[in-house]
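Asker: From the sequence below, what's the structure:
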Amino acid sequence: MKNIEWRHLKGLNELYVKKRTRLKITSNAFINQVLFNQKKLIRYKLGNHSIIEASDRYYKYYEENFEDMYNYYLSFFKKSGIENSAVKRYTEDDLKSLIFIFNNNKELKKVLTTEYTFSNRVFKGKGAKYLAGKPGLKKDVLKLLEIEEFPEKDAKNNQWRIVVDCKNPKVIVLCENIACLKVPTEYKRNGIELWYVGGNNTKPLVDLPLEKFKYPIYYFCDWDYHGLSIFSRVKNIFNSKGKGIELLEPLNLDNALPVNSPNHKSKWKPEKLSRLKESDYNDSQIKIIESLISKNIWIEEESMGLIELLESKNII
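Answerer: Next up, the predicted model:
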């Protein structure tokens with residue numbers, strides 16, 4: 001259901017409320033294949049394919065699979081003041097990114113970057129020009145940030161540290177990527193305090209006093225050359241403070257991707273262990289890195305379940 005856009009959710013809700021919709025929800029592959037063809041929960045109105053109707057079995061399926069999701073995003077639209085038009089082709093990741101911006105408005109404005117930099121960081125994997133190609137989305141982003149336009153140059157002190165506070169934390173997890181912070185509820189429920197320090201922007205960690213590090217600290221990142229080399233820099237900062245930090249390793253390589261994946265620019269180096277500092281990793285981690293290098297693959301942070309990793313090590 002990852003590729004269901006807001007317009008599809010609007011249509012599914014309209015079906016639930018009015019028993020019919022004119023919105024073109026079957027343009028979504030999941031809705032077309034599963035709801036329409038396989039489960040036959042929806043159908044075209046007899047003699048009129050511009051109208052889609054719900055079967056009697058549709059309502060329970062909607063309540064179990066879509067109602068909470070629809071209400072969650074609808075609540076965001078109401079709180080933020082952004083129009084929730086069905087014309088908007090916002091993906092679920094777009095919506096999560098908008099909610100992240102809305103919830104972290106003040107912090108993001110303090111370190112406001114150029115449009116390309118902001119797009120590359122917040123809409124990870126979509127590219128620096130993603131917002132430029134979606135003027136409607138950019139307009140909503142600017143509204144949430146309460147600005148008229150992005151600055152032409154990056155701020156000199158362009159260092160990010162965004163924290164998702166947790167009432168009763170058990171651990172702190174530093175995320176290289178921003179994805180976890182977009183949907184933090186489950187992590188907070190499990191006592192995980194999330195920090196995002198912006199990938200290469202490790203300077204905020206240098207300036208933090210020791211009292212900020214009350215709990216065990218773990219690092220969660222892409223397992224590619226850039227992600228692991230950044231971990232080495234982070235570990236060095238923590239060593240200088242006399243504080244340890246542990247790298248969370250993947251449970252397996254099942255979700256590994258080719259290094260030449262679209263929008264992925266981090267390549268392994270030909271030198272031993274890809275020039276990574278061997279002493280920064282334990283034996284198990286070194287074996288994983290060597291396997292990734294030999295197969296010319298990498299593991300994306302988002303493909304690893306953070307809670308599952310922590311549970312597998314009895315951390316939470």
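Asker: Go ahead and confirm Phe36 touches His49.
Answerer: No: under the criterion of CB atoms under 8 Å, Phe36 makes no contact with His49, lying 11.7 Å away. (C-beta placed from N, C-alpha, C; glycine too.)
Asker: Contact partners for Lys39?
Answerer: 57, 61 (CB atoms under 8 Å, 6 or more residues apart in numbering).
Asker: Which elements pack onto the longest helix belonging to the chain?
Answerer: Assignment by DSSP state H gives helix 225-240 as the longest helix of the chain. Under the contact definition 3 or more CB pairs under 8 Å, 6 or more residues apart in numbering; DSSP states H and E, helix 225-240 sits against helix 203-206, strand 217-220.
Asker: Quick check: neighbours of the longest strand seen in the chain in the sheet, parallel or antiparallel?
Answerer: Taking DSSP state E as the assignment, the strand of the chain that covers the most residues is strand 48-54. Partner strands for strand 48-54, per DSSP bridges, with pairing direction: strand 20-21 (antiparallel), strand 42-45 (antiparallel).
Asker: To Ile31, which of these lies closest?
Answerer: Nearest to Ile31 among the strands paired with strand 48-54 is strand 42-45 (7.6 Å), distances taken as CB to CB.
Asker: Alpha carbons only: can I get the closest one in CSV?
Answerer: Only the C-alpha atoms of strand 42-45 are listed here, as CSV (Å, rounded to 0.1, in the frame of the first residue of the first chain):
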residue,chain,number,x,y,z
ILE,A,42,-15.2,-2.4,-5.6
ARG,A,43,-16.8,-2.4,-9.0
TYR,A,44,-17.8,-0.1,-11.8
LYS,A,45,-21.4,1.0,-11.8
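Asker: that older thread, alpha carbons of the longest helix of the chain, as CSV, please.
Answerer: Taking Å, rounded to 0.1, in the frame of the first residue of the first chain, the C-alpha atoms of helix 225-240 are listed here in CSV:
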residue,chain,number,x,y,z
TYR,A,225,30.7,3.6,2.2
HIS,A,226,29.3,7.1,3.1
GLY,A,227,27.0,5.8,5.9
LEU,A,228,29.8,3.8,7.5
SER,A,229,32.5,6.4,7.1
ILE,A,230,30.2,9.0,8.8
PHE,A,231,29.7,6.5,11.7
SER,A,232,33.5,6.5,12.1
ARG,A,233,33.5,10.3,12.5
VAL,A,234,30.6,10.1,14.9
LYS,A,235,32.4,7.4,17.0
ASN,A,236,35.5,9.5,17.1
ILE,A,237,33.5,12.4,18.5
PHE,A,238,32.0,10.2,21.2
ASN,A,239,35.4,8.7,22.0
SER,A,240,36.7,12.2,22.7
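Asker: residues in contact with the most centrally placed residue in the chain?
Answerer: Per CA atoms, centre = their mean, the C-alpha nearest to the average position across the chain is that of Ala179, at 2.1 Å. The contact partners of Ala179, taken as CB under 8 Å, 6+ apart, are 124, 301-302.
Asker: Now the buried members of those.
Answerer: 124, 301-302 (16 or more other CB atoms under 10 Å).
Asker: Which one's more surrounded, Phe36 and His49?
Answerer: Set side by side, Phe36 and His49 give different neighbour counts by other CB atoms under 10 Å, the larger being at Phe36 (18 against 9).
Asker: Now do the SS call for Asn263.
Answerer: Secondary structure, DSSP: H, G, I helix; E, B strand; the rest coil: Asn263 is coil.
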